[in-house]
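Engineer: would you be able to build a 3D model of this:
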Amino acid sequence: MEIIINTDSRVQNTPGLREHVTSVVQQELKHVSENVTRIEVHLRDVNSDKKGGEDDKKCLIEARVAGSQPVVAEHYASEINLALSGATKQLARVLHDASAKARDLEKRAAAQKRIEPNI
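Structural biologist: Numbers count the residues shown, from 1 in each chain. Okay, here's the model as predicted:
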């Protein structure tokens, strides 16, 4: 799984930040990453330091899943690490639900195939 990290001009894309983002993403998505080919993480300071305020940090994560449309999750928080954590947890839930739905559809199709033999 490839992880790409993008930041705006107000969030410093340091090696430490990249290492932290990679670690959090891998940890949160380890149970649902079998079909994920690429993750793009976008970190922004929405209001910049001039305005400040609550929940002005944004993390948007896009997951590319083999054979499916991209899946997106976003989260706003007062700090970048909180926004990252919220977005990765949300993405993990969405990917888990999509995976469970796909498995259910496969089971139903297999059951239907057994009920209706080929003519």
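
Engineer: next, give phi and psi for residue 78.
Structural biologist: phi -80, psi -20 (degrees, to the nearest 10).

Engineer: residue 28 versus that one, what's the distance?
Structural biologist: Residue 78 sits at a distance of 20 Å from residue 28 (criterion: CB to CB, to the nearest Å). Yep, even glycine has a C-beta here, placed from its N, CA and C like the rest.

Engineer: ok, the two, which is more surrounded?
Structural biologist: For residue 78 and residue 28, the more surrounded residue by other CB atoms under 10 Å is residue 28, and the numbers stand at 21 against 12.

Engineer: list the contacts for the more buried one?
Structural biologist: For residue 28, the contacting residues are 85, 88, 89, 91, 92, by CB atoms under 8 Å, 6 or more residues apart in numbering.

Engineer: in three-state terms, label the residue nearest to the second one when sequence neighbours are not counted for me.
Structural biologist: Yep, that's residue 88 we're talking about. Among residues not flanking residue 88 along the chain, residue 28 sits closest, at 4.0 Å (CB to CB, 6 or more residues apart in numbering). Put simply, residue 28 is helix when judged by DSSP: H, G, I helix; E, B strand; the rest coil.

Engineer: I'd like the next helix or strand past the one helix or strand in the chain whose mean pLDDT sits lowest.
Structural biologist: Across the helices and strands of the chain, mean confidence by mean pLDDT, DSSP states H and E is lowest for helix 48-51: a mean of 64. Downstream of helix 48-51, the first helix or strand assigned by DSSP states H and E is strand 57-65.

Engineer: list the contacts of the most centrally placed residue in the chain.
Structural biologist: By CA atoms, centre = their mean, the chain has its centre lying nearest to residue 91, at 3.9 Å. By CB under 8 Å, 6+ apart, the contact set of residue 91 is 28, 29, 61, 63, 71, 72, 73.
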